[in-house]
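Q: attaching a predicted model along with its sequence, questions to come.
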Amino acid sequence: MITGKYPSLRLRRNRKHLWTRKLIQENTLSSSDFILPIFLIEGSNKKESIISMPGVYRYTINKISQIVDRAIKAGIPMVALFPKTKKNLKNEIGSESLNENNLVCKAIIEIKKRYKNEIGIMCDVALDPYTSHGHDGLIKSNQILNDETIDVLINQSLLQAEMGCDVLAPSDMMDGRIGKIRKALDKANYQNTQILSYAAKYASSFYGPFRDAVGSKGFLKGNKKTYQMDFRNSDEALREVALDIKEGADMVMVKPGMPYLDIIRSIKEKFKIPVFAYQVSGEYSLISNAIRKKLISNEAIYESLVAFKRAGANAIVSYYADRLDKILNK
Ligand code: PBG
């Protein structure tokens, strides 16, 4: 709603100096806006670079404090754990997801022992790091089974909650899983374990480097279009969110991030629930590689992140989160 008119009204007046631009800023970023993903590998004393994600590493459990210390020092409220499961531990049914000595369980225990509640821990609930076919669920006759998958996801959720995970994040897109997981958690006395639902998760090409990072890339047979959403749709995202809220989700995620800012905005407007955005691996790699090639400046990182706040996101999952000191000082 514009009141006033040129020449008595000149919007450039408010942009004249840095100090006045600061005063009229509508959105800013702070370290409290971030969740830092951490990739885990077996072994000890290793910090391994990920070729498709320059600047991001996989850590062995005994090196994890290196990155968690950094997150805490930066003031980041939560980390998200992702395992690179060894090939010989993957199978058709992803049974390693239920092993209490798997990488994620060991990492939760290590972080909680060392840092108590200084920082939150979020874990994906899905089978893709553990299945030999790279899908998020169980397969029969080339179909991803819904209800049978949920039974496994419930057990994965209970296990992660038992280890001390604070926020369970089902990223599998099976129908009805939030309600069933919530019910199982409550029954087992984990009423306080939060659920962050990847409610609007699109079948996207932007996940490529992540699948490389967790080692599921070469394994994935086909695509995820029968369970993740069609990127042509937005009403459907609202239906997904409505269901997940009814089923007990505390927060919802939109993923990928930048191509879906409209979805973040409409969920926020409609449901007034905490909405998180995931700046996924492909977005990270595109921006990082363009900066490396000097096609765009470093400030593009800040611009890409503040866009999520402008769209209405409460927090952002970003692989840049451990380097906020450099990014936020813009
Ligand atoms: C798996 C999962 C994926 C990501 C997070 N959890 C990939 C997928 O669904 O294939 C992608 C994250 C990223 O690209 O950064 N359920």
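A: Alright, I've got the coordinates. Numbers count the residues shown, from 1 in each chain.
Q: who in the stretch 51-200 of the chain is up against the ligand?
A: 124, 126, 128, 136, 171 (CB under 6 Å from any ligand atom). Just so you know, the C-beta spots here come from the backbone N, C-alpha and C atoms, and that holds for glycine as well.
Q: kindly reformat those as TSV and extend each row with neighbour count, pLDDT and secondary structure.
A: Putting those into TSV (neighbours: other CB atoms under 10 Å; pLDDT from 0 to 100; DSSP: H, G, I helix; E, B strand; the rest coil) gives the following:
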residue	neighbour count	pLDDT	secondary structure
124	25	98	strand
126	26	97	coil
128	25	95	coil
136	26	96	coil
171	19	97	coil
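Q: just the closest of the residues you listed to residue 114, please.
A: residue 124 (21.5 Å; CB to CB).
Q: among the residues of the stretch 51-200 of the chain next to the ligand, which one lies nearest to residue 20?
A: Closest to residue 20, out of all of these and judged by CB to CB, is residue 171, at 42.8 Å.
Q: tell me who's in contact with residue 125.
A: Residue 125 is in contact with 153, 156-157, 160, 168-172, 177, 181, counting by CB atoms under 8 Å, 6 or more residues apart in numbering.
Q: farthest-separated two in the residues of the stretch 51-200 of the chain next to the ligand?
A: For those, and using CB to CB, no pair is farther apart than 124 and 136, which are 9.3 Å apart.
Q: where do the contact lists of those two overlap?
A: Joint contacts of residue 124 and residue 136 (CB under 8 Å, 6+ apart) are residue 171.
Q: so residue 310, which of the three states?
A: Residue 310 falls in the helix class when you classify it by DSSP: H, G, I helix; E, B strand; the rest coil.
Q: over to the spatially closest residue to it that is not a sequence neighbour: give its phi and psi.
A: In this structure, residue 310 finds its nearest non-sequential neighbour in residue 27, 5.0 Å apart by CB to CB, 6 or more residues apart in numbering. The phi/psi pair for residue 27 (degrees, to the nearest 10) reads phi -140, psi 140.
Q: how far away is residue 27 from residue 92?
A: Distance of residue 27 to residue 92, given as CB to CB, to the nearest Å: 46 Å.
Q: so of the contacts of residue 125, which ones are in helices?
A: Judged by DSSP state H, helices contain the following of these: 153, 156-157, 160, 177, 181.
Q: make a PyMOL selection of the buried ones in those residues.
A: Here is the PyMOL selection string for the buried members of the ones in helices among the contacts of residue 125, based on 16 or more other CB atoms under 10 Å:
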select buried, resi 153+156+157+160+177+181
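Q: make CSV from the ones in helices among the contacts of residue 125 and add pLDDT and distance to residue 252 to it.
A: As requested, the ones in helices among the contacts of residue 125 are exported to CSV (pLDDT from 0 to 100; distance: CB to CB, whole Å):
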residue, pLDDT, distance to residue 252
153, 98, 17
156, 98, 20
157, 98, 17
160, 98, 19
177, 98, 13
181, 98, 14
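Q: now for the ones in helices among the contacts of residue 125: which two are most distant?
A: The widest separation within these (CB to CB) is 14.0 Å, between 160 and 177.
Q: which residues touch the residue of the stretch 1-150 of the chain found nearest the ligand?
A: Here the residue of the stretch 1-150 of the chain nearest the ligand is residue 126; by CB to the nearest ligand atom that distance is 3.8 Å. Counting by CB under 8 Å, 6+ apart, residue 126 makes contact with 136-137, 153, 170-172.
Q: and it, what are its phi and psi?
A: According to degrees, to the nearest 10, residue 126 has phi -180, psi 160.
Q: mind checking how far it is from residue 24?
A: With CB to CB as the criterion, residue 126 and residue 24 are 42 Å apart.
Q: does residue 252 fall in a helix, a strand, or a coil region?
A: Reduced to three states by three-state DSSP, residue 252 is strand.
Q: try residue 289
A: helix.
Q: my understanding was that it contacts residue 55; is that so?
A: No: in this structure, residue 289 is not within contact of residue 55 by CB atoms under 8 Å, at 10.5 Å.
Q: let me know the closest of the contacts of residue 125 to the ligand.
A: residue 171 (3.8 Å).
Q: near the residue nearest to that closest one when sequence neighbours are not counted, how many other residues are there?
A: In space, and not counting its chain neighbours, residue 171 is closest to residue 198: 4.1 Å by CB to CB, 6+ apart. The local packing of residue 198 (other CB atoms under 10 Å) involves 24 other residues.
Q: show me what contacts residue 62?
A: Here residue 62 is in contact with 44-45 (criterion: CB under 8 Å, 6+ apart).
Q: list the buried residues for stretch 114-127?
A: 115, 119-127.
Q: need the three-state assignment for the spatially closest residue to residue 164 that is not a sequence neighbour.
A: Sequence neighbours aside, residue 112 is the residue nearest to residue 164 in space, at 4.2 Å (criterion: CB to CB, 6+ apart). When classified by three-state DSSP, residue 112 comes out as helix.
Q: model confidence for residue 112, exactly?
A: The score at residue 112 is 98. That number is its pLDDT.
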